[in-house]
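Trainee: coords please:
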Amino acid sequence: MERCITRRHFFLSAASTAAGAGLGLTTLGGIGTGRAVRSAIVGPNDKIYMGLIGCGGQGRGDMRGHMSDAGVEFIALCDVDSKRLDDAGGDVLKKYQRGPQKFKDFRQLCDMKEIHAVVIGTPDHWHALNAIYAANAGKDIYCEKPLSLTIEEGRAMVNAVRKNSVIFQTGSQQRADAKFRKACELVRNGKIGKLQRILTCIGGGPKAKPEPNQAPPPNLDWDFWLGPAPKVPYTPKRCHGTFRWWWDYSGGKMTDWGAHHNDIAQWGNGTEMSGPVLIEGKMECPPDNFFETPVWFEVHYEYENGVKLTCQSNGENGITFYGTDGEIFVARGKLRSKPEDILNQEIPETGVHLYVSKSHVANFLECVRNRKVPICDVEIGHRSCTVCHLGNIACRTGKKIQWDPKTERITNDAEAAKWVSRPMRPPWKLV
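Mentor: The predicted model follows:
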């Protein structure tokens, strides 16, 4: 079985051997780093003026979700694809009877003092730069998962959010689903006995036939779309909906679905603010696949509390918690247990009761108003994504990794430790 150990387009530098707490504050460098005047805090009855960065399918869907709240108005949109920008602009015009301001450069949108909050729906390799600039401009942020392209970027996002005291919601919508919360509460209250292991099944990656390089469509600024990623010729399969199958822009199914299910696994394990200590895994990347990320994988994690997590492509999509006295399976629209009566057990008032959110978007908007921490704060989003990044690193290097979740460092292998970060194409950089 072939391991994905190629580092094509995955540039490493000797200066990038550390991540996490040891990195200190990380901010957006390069061009146009002036700071905007912070937007005024939204009052309980004030309208929340918002901007959308990334007008593709997910970003546009998130925008529509926010627009369902009568107290929200989108006044600005940004995308490097003018067609997507115009399409999203049509949604705004139809809703508010006035069109939004449109930008190709996200910094111009963030510099609008009228904007209180932004939705980030760009490809993964843009999340950190978008979010850090927005945080420095005083904007509250709803950012799609997976949170980052690298572990270093995730920590930089946490630092920027904390420094600027902005609200940040990671788009891990499963936390607002009562079934996922109930499963985690039952596990954390010992209803399946002592938790021993967790299985997350997230599906395999796709295959595609090669396609020739071609000129980008006139509506797309391909160089800006690439941004911090290496300069390469355009092909449609590198862009938009299929960007997640290329290492330069995402992490395959491991970060796509893994960011959802491994987040729930850590919630049920009570480790959503830390992480595993040992990681090893294997992947299969067929040589005839045009996409780079794996079609098959199996990753094993071990936590300091002794719980073991396996994340794999095979099996029924969902999360299974295995304890000494039973098991619970949860997925979208599904919740079952062995024995069956586990689901009927009540959680005592003195037991563990997890954060209740009936709507992920509504929870974010409520927190924008009351300045409380949302259900999937930036730290949680970062930790959930870190689990996925570590799985990819273990598989791509073929090494068993020792991870310190406190310092956020790979402690047993200097070469593997370099994979927590990667340099950006100038003028974009994290400094």
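Trainee: Domain map for the protein?
Mentor: Domain segmentation of the chain under automatic domain parsing yields 14-174+364-383, 177-214+244-350+386-422.
Trainee: mean pLDDT for those domains: which is lowest?
Mentor: Ranked by mean pLDDT, these end with domain 14-174+364-383 at the bottom, a mean of 88.
Trainee: need the domains of the chain in a markdown table with distance to residue 221 and mean neighbour count, can you?
Mentor: Just so you know, the C-beta spots here come from the backbone N, C-alpha and C atoms, and that holds for glycine as well. What follows is those, written out as a markdown table (distance: least, C-beta to C-beta, whole Å; neighbours: other C-beta atoms under 10 Å):
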| stretch | distance to residue 221 | mean neighbour count |
| --- | --- | --- |
| domain 14-174+364-383 | 4 | 20 |
| domain 177-214+244-350+386-422 | 16 | 19 |
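Trainee: can I get the ones you listed in a markdown table with distance to residue 222?
Mentor: Shown next, in a markdown table, are these (distance: least, C-beta to C-beta, whole Å):
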| stretch | distance to residue 222 |
| --- | --- |
| domain 14-174+364-383 | 8 |
| domain 177-214+244-350+386-422 | 10 |
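Trainee: Nearest to residue 358, out of the ones you listed?
Mentor: For residue 358, the closest of those is domain 177-214+244-350+386-422, at 7.7 Å, according to C-beta to C-beta.
Trainee: now do the same end-to-end measure for the closest one.
Mentor: 35 Å (C-alpha to C-alpha, to the nearest Å).
Trainee: just stretch 220-230 next, same as before
Mentor: 17 Å.
Trainee: and what of stretch 66-78?
Mentor: Start and end residues of stretch 66-78 are separated by 16 Å (C-alpha to C-alpha).
Trainee: which outside residues touch that stretch?
Mentor: If you take C-beta atoms under 8 Å, 6 or more residues apart in numbering as the criterion, stretch 66-78 is touched by 46-55, 63, 85, 88-89, 91-92, 95-96, 100-106, 108-109, 112, 114-115, 119, 142, 361-362, 365.
Trainee: ok, now with 7 Å
Mentor: Residues from elsewhere that reach stretch 66-78 (C-beta atoms under 7 Å, 6 or more residues apart in numbering): 47-53, 55, 63, 85, 88-89, 92, 95-96, 100-104, 106, 109, 112, 114-115, 119, 361-362, 365.
Trainee: for the domains of the chain, which one sits closest to residue 430?
Mentor: Of all the domains of the chain, domain 14-174+364-383 comes closest under C-beta to C-beta, at 4.9 Å.
Trainee: and the closest residue in space to residue 51 that isn't next to it in sequence, what helix or strand is that in?
Mentor: Distances taken as C-beta to C-beta, 6 or more residues apart in numbering place residue 76 nearest to residue 51, at 4.0 Å, with adjacent residues excluded. Assigned by DSSP states H and E, residue 76 falls within strand 72-78.
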